[in-house]
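*Asks:* Attaching a predicted model along with its sequence, questions to come.
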Amino acid sequence: MEKEKKLVKLEVEGKIAVITIDHPPVNALNAQVMAELDEALDQVASDKEIGVLIITGAGEKAFVAGADIRQFPELDEKAGRELSARGQAIFDKIEELAIPVICAINGYALGGGCELALACDIRVVAENAKLGQPEVNLAVIPGYGGTQRLPRLVGAGKAKQLIFTGDAIDAQEAYRIGLADELVPAGQALEKAKEMAKKILTKGPVAIRLCKEAINRGLQMPLKEGLALEAELFGKACATEDKNEGAKAFLEKRKPNFQGK
Ligand SMILES: C/C=C/C(=O)SCCNC(=O)CCNC(=O)[C@H](O)C(C)(C)COP(=O)(O)OP(=O)(O)OC[C@H]1O[C@@H](n2cnc3c(N)ncnc32)[C@H](O)[C@@H]1OP(=O)(O)O
């Protein structure tokens, strides 16, 4: 029997892992894509050499244009609930990865595609891209975290406007409201994401992981608790040999050589 074509590619270039969703024509998230994405995330999580993950879509038309609508007719309430929970669990893995995850949005990021981007830490968006949560056009709701992560990122009002109208906004508007963190010319999202990844990899690796932990966990806490968490993690950073190397390198006016410990 012919081997099933892989729809999700994982490539590791040094300390940078790149996951590419390649499911023509619009990289829709069907069951195979989600299973392969899940597997790729587990591989990245278990490879301690990887310092940054980039997620992107193949081709210039779409990053990910959403869940595969062709699978919708078979969804009853139980199957719909299970599909949503499964997708949420996979996207949670992205948010809970210890390392930074940069999303290189090369085209349409709609529905589940926008939700995939929301689970990442940083969104680099090409100027031709369009983003949105158009689920209400199909009389469903965002089911892979959009109703939870979008309001936390852009505010409840703008999130409600996007979700209620189903509007796809252009990259400039996404940047204006904080849904896009970097705006780049068409075709340059992956290149910019790699450039950003390389810069992050020159910093203290333990400190980068502690910063992501402090921000992500802190967002779930009242300010006072978040500040206490920050102090605890600052202490952890001070316990590393890299902290001494960082100070020494600065005072000796040379680049630090961090060892990740
Ligand atoms: C829990 C998560 C839920 C969700 O994510 S719900 C789904 C949310 N996403 C959407 O609603 C987006 C639906 N797609 C579109 O709005 C449009 O498409 C685009 C804006 C992405 C592109 O429009 P254009 O350039 O006119 O192309 P085209 O002819 O509409 O699509 C090209 C081919 O791609 C298929 N396709 C597009 N989106 C999906 C999808 N999300 N699931 C499955 N197939 C999709 C079409 O049907 C068509 O296919 P053919 O050429 O065979 O007619």
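*Replies:* Received, thanks. Residues are numbered from 1 along each chain as shown.
*Asks:* make it CA atoms for all contacts and neighbour counts henceforth
*Replies:* Will do.
*Asks:* I would like the residues contacting the biggest helix by length in the chain, please.
*Replies:* Ordering each helix of the chain by length in residues (DSSP state H) puts helix 77-96 first. Applying C-alpha atoms under 8 Å, 6 or more residues apart in numbering, the contact partners of helix 77-96 are 34, 37, 38, 41, 101, 116, 119, 120, 121, 143, 144, 145.
*Asks:* Dump it to PDB, keeping only the CA atoms.
*Replies:* The C-alpha coordinates for helix 77-96 follow below in PDB (Å, rounded to 0.1, in the frame of the first residue of the first chain):
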ATOM      1  CA  GLU A  77     -22.200  17.100  19.700                       C
ATOM      2  CA  LYS A  78     -19.900  14.400  21.200                       C
ATOM      3  CA  ALA A  79     -17.600  14.300  18.200                       C
ATOM      4  CA  GLY A  80     -17.400  18.100  18.100                       C
ATOM      5  CA  ARG A  81     -16.600  18.300  21.800                       C
ATOM      6  CA  GLU A  82     -13.900  15.700  21.400                       C
ATOM      7  CA  LEU A  83     -12.400  17.300  18.200                       C
ATOM      8  CA  SER A  84     -12.200  20.600  20.100                       C
ATOM      9  CA  ALA A  85     -10.700  19.100  23.200                       C
ATOM     10  CA  ARG A  86      -8.100  17.100  21.100                       C
ATOM     11  CA  GLY A  87      -7.100  20.200  19.200                       C
ATOM     12  CA  GLN A  88      -6.900  22.300  22.300                       C
ATOM     13  CA  ALA A  89      -4.600  19.700  23.900                       C
ATOM     14  CA  ILE A  90      -2.200  19.800  21.000                       C
ATOM     15  CA  PHE A  91      -2.100  23.600  20.900                       C
ATOM     16  CA  ASP A  92      -1.600  23.600  24.700                       C
ATOM     17  CA  LYS A  93       1.600  21.700  24.000                       C
ATOM     18  CA  ILE A  94       2.900  24.600  21.900                       C
ATOM     19  CA  GLU A  95       2.100  27.100  24.700                       C
ATOM     20  CA  GLU A  96       3.600  24.800  27.300                       C
END
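*Asks:* chain center to it: distance?
*Replies:* Its chain's C-alpha centre and that of helix 77-96 lie 15 Å apart, by C-alpha atoms, centre = their mean, to the nearest Å.
*Asks:* so of the contacts of helix 77-96, which ones are in strands?
*Replies:* Among those, DSSP state E puts residue 101 in strands.
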